[in-house]
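**Q** this one's sequence-less:
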């Protein structure tokens, strides 16, 4: 059979299908549509002289069937709440997605296709959620999209269980995924797929571009497992299409069958030919390089297009893809109007959640702390604050990578999200850190949610490809990271984070909070939630810390502030004293109280500056920053982590330049020089030696200005 047949007989293989064939009507016009996709995508890549034409040409039949027959969306309102979500996990093939968005009438013009991969275009080299209307999640790093899709499906399932009423299913959409061999080789996809199978998420349909080609050549050189058997073991519904190049009926039947399996996620292996029709089809050479002008002309001739015309789409093809745009939303709007009339409170909450506005009372029950309150680990204080927020923030959902007790993230009175409890808001991710972070990105991408993930700070490096995409996508995920330093003690250097804070602080659009006590922990959560387009890492201690007299939840908004002043006689001064200090100690988290004790020993006028969030401090005016870290004053930073980055604020950094040690916390801290007397001695030596060297050289001591000035 072929695309030109009016009736195509489809052969799909599925343990849930007893018939050997199904029938669906497709004709020559469908063939024209498919070939239009192939040509336009290849031309888009050729125009940029950069990109990946092979996948779009191979997956064009799948894209046509999916977008023409199954996906419910509205190009004029890409954020319609109940739209079907589409994820291009194999993001390198984004010329296919941009082509489909253009054909459907999204705000992706032909000029945007011509501007593919150019500076500040709507059509970057891999899909970016913040740049292109119709792009749900940022993909390109392979496997991320599959994990995001699991999050999207979890979000839909939770909202449906929470808000739907009999005959008023306001949340009822599917999540469709395109993926390639590379996505299925990535560990993050396996982590997410395993959890999806456990949860029985029946509204995910993954279409695998089974073309047997990777950059290194035939996948036989490295990837010979039975993928469908693997997914079957995860608890997925699996099926296959033998001829994805032309058997549109088989593709349609497989998608329809997958949608009918409501208690399992589905994956369909579609056997395709990379670069179909190009003369280079079936080879690695067509994966990541333009076809070339002459080959593109030959492709146009092969598929019945004028080889001299460029970037052309016939009116009937446009009309076909745009015919039903808006129809499904109109039907949904009528349904939601009925829902709103009958369930006004729930409808108002849905509208508020999807507007991104926090509830008026979200911070109403936050605790406050004073000096003298019982010392506590900031991970425990975080648990208290998280629960105070959770009861007033119904959109809060998240969980831990099998460390709930250690991370202190259990939500009291809130059920687990499980197969038999879709209304639950606490997720048991298991030991799947990377999958957890990527899934939470998907939950946020759905809209209407604030999502958090939790593990030890050291293991944020397992999560980091997804953390980076949170920042790039402007997804305000909360990363609750405990056991934040060598202070965790006996577990030793395998678990003691050294470079993690520097990595987080080096990442654009990522706020890293390291609170010193209870009030700063409250402030960190408030700022993290208010800065909803910026993900936040909350680095929290295992060990108990004292509550500080000068700490402030409100001051966290400025990123850094003077938390303590010591007079020359060792007594406590006033934090708002405008006098120029003799020495400034800059510290974060557990080292703030350490710095205060060291300051008392110096017998000088010392300002102790707490820096709960360096990124927020950097955003303040130069006048404010100079008032906190005063120019010309010897400044020493103190943090039980890598010193990288502190040169921006300090003349000397007391920190870690090696991995940690396995020992009780007291021994570890003394070994690395983090006791009050050791810090005080270090500061005295630095000031004395720097003054001596400056005198020898005939220059003013501490005249060099750190970058922040």
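**A** Now that the structure is in, tell me what you want to look at. These numbers come from a predicted model, not from an experiment.

**Q** Three-state assignment for residue 685, please.
**A** Classification of residue 685 into helix, strand or coil gives helix, according to DSSP: H, G, I helix; E, B strand; the rest coil.

**Q** Next one, pLDDT for it please.
**A** Reading off the per-residue confidence, residue 685 sits at a pLDDT of 96.

**Q** Can you give me the neighbour number for it?
**A** When neighbours are counted by other CB atoms under 10 Å, residue 685 registers 11. The C-beta positions use only the backbone N, C-alpha and C, and glycine is treated the same way.

**Q** Residue 119 now?
**A** Residue 119 has 6 neighbours, counted by other CB under 10 Å.

**Q** Over to the one 3 residues further on?
**A** Residues within reach of residue 122, counting by other CB under 10 Å, total 22.

**Q** any idea how far it is from residue 383?
**A** 43 Å (CB to CB, to the nearest Å).

**Q** Okay, and the residue nearest the centre of the chain sits in which element?
**A** In the chain, the C-alpha closest to the average C-alpha coordinate belongs to residue 470, at a distance of 3.0 Å (CA atoms, centre = their mean). Secondary structure from DSSP states H and E places residue 470 in helix 460-473.

**Q** helices or strands next to that helix in the packing?
**A** For helix 460-473, the elements it packs on are helix 144-163, helix 433-446, strand 450-456, strand 478-482, helix 500-506, judged by 3 or more CB pairs under 8 Å, 6 or more residues apart in numbering; DSSP states H and E.

**Q** quick one, which of the ones you listed is nearest to residue 245?
**A** When the helices and strands packed on helix 460-473 are compared for distance to residue 245 using CB to CB, the nearest one is helix 144-163, at 23.2 Å.

**Q** just the strands in the stretch 101-250 of the chain please.
**A** In order along the chain, the stretch 101-250 of the chain carries the following strands (DSSP state E, counting those that start in this stretch): 175-179, 204-210, 213-214, 217-218, 237-241.

**Q** Please render the helices and strands packed on helix 460-473 as TSV that adds distance to residue 272 and mean neighbour count to the earlier fields.
**A** Compiled in TSV, those are given as follows (distance: least, CB to CB, whole Å; neighbours: other CB atoms under 10 Å):
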stretch	distance to residue 272	mean neighbour count
helix 144-163	18	27
helix 433-446	25	29
strand 450-456	34	28
strand 478-482	38	28
helix 500-506	38	22
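
**Q** So, low pLDDT: which residues of the protein?
**A** Counting by pLDDT under 70, the ranges of the chain that qualify are 1-24, 703-709.

**Q** one more time with 50, if that's ok
**A** Per-residue confidence of the chain (counting by pLDDT under 50) places the weak regions at 1-23.

**Q** hmm, back to that, go through the helices and strands packed on helix 460-473 and name the closest to residue 230.
**A** Closest to residue 230 of the helices and strands packed on helix 460-473 is helix 144-163 (CB to CB; 13.0 Å).

**Q** Run the angle between that closest one and helix 433-446 for me.
**A** Orientation check (axes from the mean of the first three to the mean of the last three CA atoms, to 10 degrees): helix 144-163 against helix 433-446 gives 60 degrees.

**Q** circling back: any chance of CSV for the strands of the stretch 101-250 of the chain, columns mean neighbour count and distance to residue 628?
**A** Supplementary listing: the strands of the stretch 101-250 of the chain in CSV, determined by neighbours: other CB atoms under 10 Å; distance: least, CB to CB, whole Å:
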stretch, mean neighbour count, distance to residue 628
strand 175-179, 26, 47
strand 204-210, 27, 49
strand 213-214, 22, 53
strand 217-218, 14, 58
strand 237-241, 24, 58
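
**Q** if we can go back for a sec, out of the helices and strands packed on helix 460-473, flag the one nearest residue 404.
**A** Ranked by CB to CB, the member of these that lies closest to residue 404 is strand 450-456, at 7.8 Å.

**Q** Now do the closest one and helix 460-473, the angle between them.
**A** Using the same axes, to 10 degrees, the inter-axis angle of strand 450-456 relative to helix 460-473 is 160 degrees.

**Q** What strands line up against strand 450-456, and which way round?
**A** With DSSP bridges as the criterion, the sheet partners recorded for strand 450-456 are strand 396-400 (parallel), strand 478-482 (parallel).

**Q** Let me see the contact set for the nearest residue to residue 313 once chain neighbours are set aside.
**A** Sequence neighbours aside, residue 36 is the residue nearest to residue 313 in space, at 5.9 Å (criterion: CB to CB, 6 or more residues apart in numbering). When contacts are counted by CB atoms under 8 Å, 6 or more residues apart in numbering, residue 36 touches 103, 313-314, 317.

**Q** between the residues you listed, which is closest to residue 510?
**A** residue 103 (35.9 Å).

**Q** ok, that closest one to residue 320 distance?
**A** The gap separating residue 103 from residue 320 is 9 Å, by CB to CB.

**Q** Next: residue 699.
**A** Distance, residue 699 to residue 320, using CB to CB: 76 Å.

**Q** Compare those two and say which is more crowded by neighbours.
**A** Regarding residue 699 and residue 320, a neighbour count based on other CB under 10 Å identifies residue 320 as having more, with 19 against 11.

**Q** wait, the more buried one sits on residue 68?
**A** Yes: in terms of CB atoms under 8 Å, residue 320 counts as a neighbour of residue 68; the distance is 6.9 Å.

**Q** Now name the helix or strand holding residue 639.
**A** Using DSSP H and E, residue 639 sits within strand 635-642.

**Q** That strand pairs with which strands, and in what direction?
**A** Its sheet considered, strand 635-642 pairs with strand 583-587 (parallel), strand 652-656 (parallel) by DSSP bridges.

**Q** Can I get those strands in JSON lines including distance to residue 349 and mean neighbour count?
**A** JSON lines is the format used below for the strands paired with strand 635-642 (distance: least, CB to CB, whole Å; neighbours: other CB under 10 Å):
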{"stretch": "strand 583-587", "distance to residue 349": "42", "mean neighbour count": "26"}
{"stretch": "strand 652-656", "distance to residue 349": "46", "mean neighbour count": "22"}
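
**Q** Dump these to a markdown table, plus distance to residue 354.
**A** Formatted as a markdown table, those follow (distance: least, CB to CB, whole Å):
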| stretch | distance to residue 354 |
| --- | --- |
| strand 583-587 | 41 |
| strand 652-656 | 44 |
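
**Q** quick one: which of those is nearest residue 148?
**A** Distance to residue 148, taken as CB to CB, is lowest for strand 652-656 among the strands paired with strand 635-642, at 34.4 Å.

**Q** what residues does the closest one touch?
**A** In this structure, residues lying in contact with strand 652-656 by CB under 8 Å, 6+ apart are 486, 498, 634-643, 646-647, 672-674, 679, 682-683, 686, 690.

**Q** And these, which of them are buried?
**A** For the contacts of strand 652-656, a burial check counting by 16 or more other CB atoms under 10 Å picks out 486, 498, 634-643, 646, 672-674, 679, 682-683, 686.

**Q** Distance of residue 601 relative to residue 594?
**A** Residue 601 sits 11 Å away from residue 594, going by CB to CB.

**Q** follow-up on the earlier one: what's the burial count for the residue nearest to the residue nearest to the centre of the chain when sequence neighbours are not counted?
**A** Spatially, and ignoring its direct neighbours in sequence, residue 470 is nearest to residue 535 (4.0 Å; CB to CB, 6+ apart). Counted by other CB under 10 Å, the residues lying close to residue 535 total 31.

**Q** My guess is residue 535 contacts residue 467. True?
**A** Yes: with the criterion set as CB under 8 Å, residue 535 and residue 467 qualify as a contacting pair; they are 6.8 Å apart.

**Q** Overlap of the contact sets of the two?
**A** Common neighbours of residue 535 and residue 467, counting by CB under 8 Å, 6+ apart, are 477, 479, 510.

**Q** got the buried residues for stretch 650-668?
**A** Neighbour-count burial for stretch 650-668, with 16+ other CB under 10 Å as criterion, is recorded at 650-656, 660, 665, 668.

**Q** count of residues packed around residue 403?
**A** 20.

**Q** Check residue 249 too.
**A** For residue 249, the tally of surrounding residues (other CB under 10 Å) stands at 27.
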